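S.K.: the following comprises the amino acid sequence and a computationally predicted model.
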Amino acid sequence: MATFSSCRLLKHNKLIRISDQNHWKKDYLSLIRFSTHKSFNESEVVVPLPNGRNLRLSTGKYARFADGCAVASLGDTSVMVTTVSKTYTSNTSFLPLVVDYKQKGAAAGRIPTNFLRRELGPTEYEILTSRLIDRSIRPLFPQGYSYETQIMCNMLAIDGINDPDVLSINGASAALALSDVPWNGPVGAVRVGLIDNEVIINPTRREMHQSLLNLIVSATSQNLVIMMEASAENILEQDLKKAIKLGVKECQGIVTSIQQLQKGHGKPKRDVTPVPESFQELIDTVRSLSEMKLREIFTDYKHDKISRDTAVNNVRTDVMESMKKSYSDLDLPMVVEAFGQISKQIFRSLIFENEIRCDGRKLEEIRDITCEVNLYKPLHGSALFQRGQTQVFCTVTLDSVESALKMDPISMLAGGVKEKNFFLHYEFPPYATNETGRMGPIGRREMGHGALAERGLRAVLPKDYPFTIRLTSEVLESNGSSSMASVCGGSMALMDAGVPISSAAAGVAMGLITKYNEKSHQIEDYRILTDLLGIEDYMGDMDFKVAGTKKGFTALQADIKIPGLPLKIVMESISRALDAKSQIINIMNTVIAKPRSEKKDNLPVTEDIEVPVHQRGKFLGVGGSNLKKILVETGVHIHPSDENIYTIFAPNQAAMDEAKEMIQNLMSQSREPTLDFGGIYTAKIVEIRETGVMVTLYPTMNPTLLHNSQLDQRKISHPSALGLEVGQELQVKYFGRDPVSGLIRLSRKVLQTPGNNIIKNFVSTS
C-alpha cells in the first residue's frame, strides 16, 4: 500500500516520492499535479427560508474558467450556473443574451429513454425555464452593452421535492454578480403558493399539489419587481396581491446574501464604453430632421399598424438619404440606432402630453372586439377572436384519454406533471405581421406564448373530463397581445365544443410608459396602458399579461424592461387588468355565454362497459383480435380503465352505436347458462392432463379444469389412477368462479362424502 502526504502547489508540477510498503527496497516516482488554489477558494452562503429549509449558494469549486459560476442548492436539488461574456458585437439595438437551461438524466438517476440514450434537443420544460431566467436578468444589463453573453444552467442533482427553476434564477443572479460582466443586480427569486388561504414560500412538490397558486417572482433590492409568472385556480385579487408582496419581501434576503458573496469573491466589473459625444450630435441632427414628421404620424389616429409602420420607415429612409448627402463617412447603423431612440422618445412624450395613444384610445380604453363561433361544421369547436388588428383563429379537438401528452421522465421529475389531457398549441406564422419567413420547428417565443395561454384556461376546465383536449390558436393578424387573444378565442372555442368549463376566461396585456431617471434610478412619472398595441410594447417599459375570469385570476406574466417596478405600479396594473377582463368577457358573452348544451353530431362520445372476468377472453379475442376488428370497422377505441371496466371511445354517436351492436353480438354468441352455487351437474371429460381432466358442463361452455385434488378423496398424481377416459361422464359440484381468474370451480371429491344426498341434483341437458 502506497503512503504519502498531500500538499498543494501553485501553478507548477512537483515530483513527489511515494514509498510502497510492500516493496520497501525500491522507491517509485509519480508525477502529481495539485490544485492551483487553496481549497479551491470555495465559499458558500446560506439563506434561511420561512419553512425551515435553507437555500445554499456556493462558488469557487466548479467551472473556474467561466467569467462567473455559482451553484444553487435547496434540499438535494442543485443547479450549476455559468456566465461568459466575451465577443463584442457592433449592433447595439438589442442585448445579445442567450440563456440555456439543461436537464441531465444522471441528475435524476435516470438514463434517457430515446433511442440514443442521451440528452437530445431542449424539451418544453427546458425552454420555458430558460425564458424564465432570461426575463429575470435581462432588464438589469446596462444600456448599450453589446457583448455576446451566454448563461448556461446545468442541473447537477434533483430530489423530486424541490423544483430547479427558481434555483436556476438565483444561481444565474449569483453567477452574474460574481463575474466581471456589467450587471445591475443581483436579483432574488422565490416560488409562492397559496394553501388554505396561507401564503407559502418555496413550497415542496407535494405542497404544490394542494396550492391554488403557483407564482414565481424575481425582485431586486428596494422591493423592485423584475419578473413575475403565475398560474392560479381563479384566485381573488386580494390573494394575488398578498402573495406578490410577500414574495418580493422574501426575495430581499436572497439579494442580501448574494451581495455578501459578491463582496468577498466577486470580480471587479468591466467598464461600460460610454456613449461618444459624436453620437449625441448625431441624435440632435436626426431629431431636427424627423421630429415634426414623427409627431404628425403618432398623432394621426387614422393610421393602422401597416400604414403607421410604413410612414415611420419612410421618414427613416428620408433621414438617411438626407444625411448621406451631408456626411461622407456616415455610419448607417448608428443613424438607425439614433432614429430608433428619437422615435421612442417622441412616442412616449406624446402619451404624457396628450393622455391619448397613437390609435386615438384613452389610457384605460380597450380596442374594438368582434367574435364568431362554429365557423366550420367538421370542427369540434372553433372561434374567431378579433381585437383591433389582432386576430386569432382557435380550434378545439377532442380525443380519447389515450391521446394525452406524455412527459419525459426527467421533465416529469422537474415539473411534477406526468401527462397532460389539455394542451394549447400556439402558432405565429410570418404573414401575421406582413412578413416572409421560414416555417420550421416551433420557436421559443411560440412555445412560451402557448404555455401562458394554456395556463390561463386550465383552471376553468373540468377536473375529470373523459376526453383529451387539444386547442390550437393560429395568429392570423398581430398587433399586440396575441397570446391573451388566444385565451379569449380558446375560451369561446371550448364552449362551442360543449366542454363544460366553469366560466368564460379572457386575457389582456397591460403596458407602461415611464419617465425613468438613469442617475437616481427612480421612476418620476408613469402611465399605465390597458390593452397593449404592438408598437406600445416595443416603445414601452412593460408587457404585463393577465388572464382570468370575471371573478379572479388564472395566469399572469410580467415582462419588464426597466430595472425594476415599485409594488405600487404592479398593484395598480392588476386592478386595471381585472376591470378590462370584465369588459372583454361581457362582449364575448354576447356571442356565446355558456358551453353548448346540444352536442354536435361530429363530437366524440365515450361510455364504460363492465365485462365479467370469465368473459374477458371471449370479449378481447386472441391477442385482442376482437378489439382490433371493432377498431378497423368502426374507428372505435376500447381500452381497460379498471379491473372489469372497459372504456369505449367513439369519434361520433353513430360509430358508438355500431360498436355497441358488435359487442352485443359478440357477447350474445358466447352467452353461457346460469349455474347455481352448490348445484350438482353432470360433466363430460373432453381431455385428460397430468394435473387433472378438462370437462364441460354444457356444449356452449368452454372446458374447465377439474384438478386432481378434486377428483377423489384419495391423493392421486394422474387421472389414469382412477381409470378415467375421454367421453366419460362425472357428477360434480359447482362452487362458483374464482374471483381473480374467473375460472369455474368444480369438485367431484365432495360428492363422495356422506350427506351429499340432501343437495339438489341438477342434470345437464344437451
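M.R.: Sure, I can see it.
S.K.: output whatever helix or strand S486 lives in as PDB, nothing but the C-alphas.
M.R.: If you go by DSSP states H and E, S486 is part of helix 482-496. Output of helix 482-496 as PDB, limited to C-alpha atoms (Å, rounded to 0.1, in the frame of the first residue of the first chain):
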ATOM      1  CA  SER A 482     -51.900  37.700 -29.400                       C
ATOM      2  CA  SER A 483     -51.300  35.300 -26.500                       C
ATOM      3  CA  MET A 484     -54.100  36.900 -24.500                       C
ATOM      4  CA  ALA A 485     -56.300  36.900 -27.600                       C
ATOM      5  CA  SER A 486     -55.700  33.200 -27.600                       C
ATOM      6  CA  VAL A 487     -57.100  32.900 -24.100                       C
ATOM      7  CA  CYS A 488     -60.300  34.700 -25.300                       C
ATOM      8  CA  GLY A 489     -60.700  32.800 -28.500                       C
ATOM      9  CA  GLY A 490     -59.800  29.500 -26.800                       C
ATOM     10  CA  SER A 491     -62.400  30.000 -24.100                       C
ATOM     11  CA  MET A 492     -65.100  30.500 -26.800                       C
ATOM     12  CA  ALA A 493     -63.900  27.600 -28.800                       C
ATOM     13  CA  LEU A 494     -64.100  25.300 -25.800                       C
ATOM     14  CA  MET A 495     -67.700  26.400 -25.100                       C
ATOM     15  CA  ASP A 496     -68.500  25.900 -28.800                       C
END
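S.K.: any idea of the mean pLDDT for the very next helix or strand once past it?
M.R.: With elements assigned by DSSP H and E, the helix or strand that comes after helix 482-496 is strand 506-517. Mean pLDDT, strand 506-517: 95.
S.K.: what is strand 506-517 packed up against?
M.R.: helix 332-354, helix 482-496, strand 522-530, helix 534-539, strand 542-548, helix 567-589 (3 or more C-beta pairs under 8 Å, 6 or more residues apart in numbering; DSSP states H and E). Yep, even glycine has a C-beta here, placed from its N, CA and C like the rest.
S.K.: if we use 7 Å, what do you get?
M.R.: helix 482-496, strand 522-530, strand 542-548, helix 567-589 (3 or more C-beta pairs under 7 Å, 6 or more residues apart in numbering; DSSP states H and E).
S.K.: tell me which of these is the most buried.
M.R.: helix 482-496 (a mean of 30; mean count of other C-beta atoms under 10 Å).
S.K.: next, the angle from that helix to strand 542-548.
M.R.: 10 degrees (axes from the mean of the first three to the mean of the last three C-alpha atoms, to 10 degrees).
S.K.: ok so, going back, relative to strand 506-517, how tilted is the helix holding S486?
M.R.: On the basis of the same axes, to 10 degrees, helix 482-496 is oriented at 170 degrees to strand 506-517.
S.K.: quick one: low-confidence ranges for the stretch 601-750 of the chain?
M.R.: Applying pLDDT under 70 to the stretch 601-750 of the chain flags the ranges 614, 669-672.
S.K.: ok, now the stretch 151-300 of the chain?
M.R.: For the stretch 151-300 of the chain (pLDDT under 70), the answer is none.
S.K.: switch to 90 and redo it
M.R.: 159-161, 163, 185, 205-206, 264, 271-282 (pLDDT under 90).
S.K.: follow-up on the earlier one: so which of the helices and strands packed on strand 506-517 comes closest to D368?
M.R.: Minimum separation from D368 across these (C-beta to C-beta) falls at helix 567-589, 9.3 Å.
S.K.: quick check: A311 vs L533, distance?
M.R.: 15 Å (C-beta to C-beta, to the nearest Å).
S.K.: residue ranges of the strands in the stretch 601-750 of the chain, please?
M.R.: Here the stretch 601-750 of the chain has its strands, by DSSP state E, counting those that start in this stretch, at 605-610, 637-640, 645-650, 680-688, 692-696, 704-707, 729-737, 744-747.
S.K.: right, I'll call it a day here.
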